[in-house]
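Asker: turn this into a model:
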Amino acid sequence: MVALSDFQRIGVGLVGFGLFFILFGILLYFDSVLLALGNLLFLSGLVFIIGFKRTFSFFFQRSKMKGSSFFLGGVIIVLMRWPLLGMLLEAYGFINLFRSIPHHLPTPAGSFFPVAFGFLGSMVNIPLLSKLLQKVGDSSSMV
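Answerer: Numbering: from 1, shown residues only. Here you go, the predicted structure:
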């Protein structure tokens, strides 16, 4: 179990609420206010979790500048109330931010997505969640 500080716990809550508002904003046909609130909560939660300096250095690395500019530009476009275009830019920027690291850089090889999918695959080992997934999987409803 990873010990979290109080700031990191607040950050996890902010990221969770941010993702909820983004999902809810998408479900309500790209409601610009919900998407903007979700983006702001998500980014502020990220700052609470990893700190301002590390967040800044993550987004403004030379190798990630294209993805960062699309992602942060998408956030600004959503804040300007053009939600569909902003979310498309954010999605493209997100994919560029977390894709595999170029081989010519001296950073460790690997990618965010395989690690994230491996984590999601290991979530079936969480006791409460595994019972929930079993009940959902056993449901034979055709509705």
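
Asker: need the contact list for the nearest residue to Gln61 once chain neighbours are set aside.
Answerer: The spatially closest residue to Gln61, leaving aside those adjacent along the chain, is Ser68, at 7.9 Å (Cβ to Cβ, 6 or more residues apart in numbering). C-beta coordinates here come from the backbone N, C-alpha and C atoms, glycine included. Counting by Cβ atoms under 8 Å, 6 or more residues apart in numbering, Ser68 touches Phe59, Phe60, Gln61, Gly93, Leu97.

Asker: likewise Gly67?
Answerer: With Cβ under 8 Å, 6+ apart, Gly67 has these contacts: Gly93, Phe94, Ile95, Asn96, Leu97, Phe98, Arg99.

Asker: just the buried ones from those?
Answerer: Among the contacts of Gly67, those scoring as buried are Gly93, Asn96, Leu97, Phe98 (criterion: 16 or more other Cβ atoms under 10 Å).
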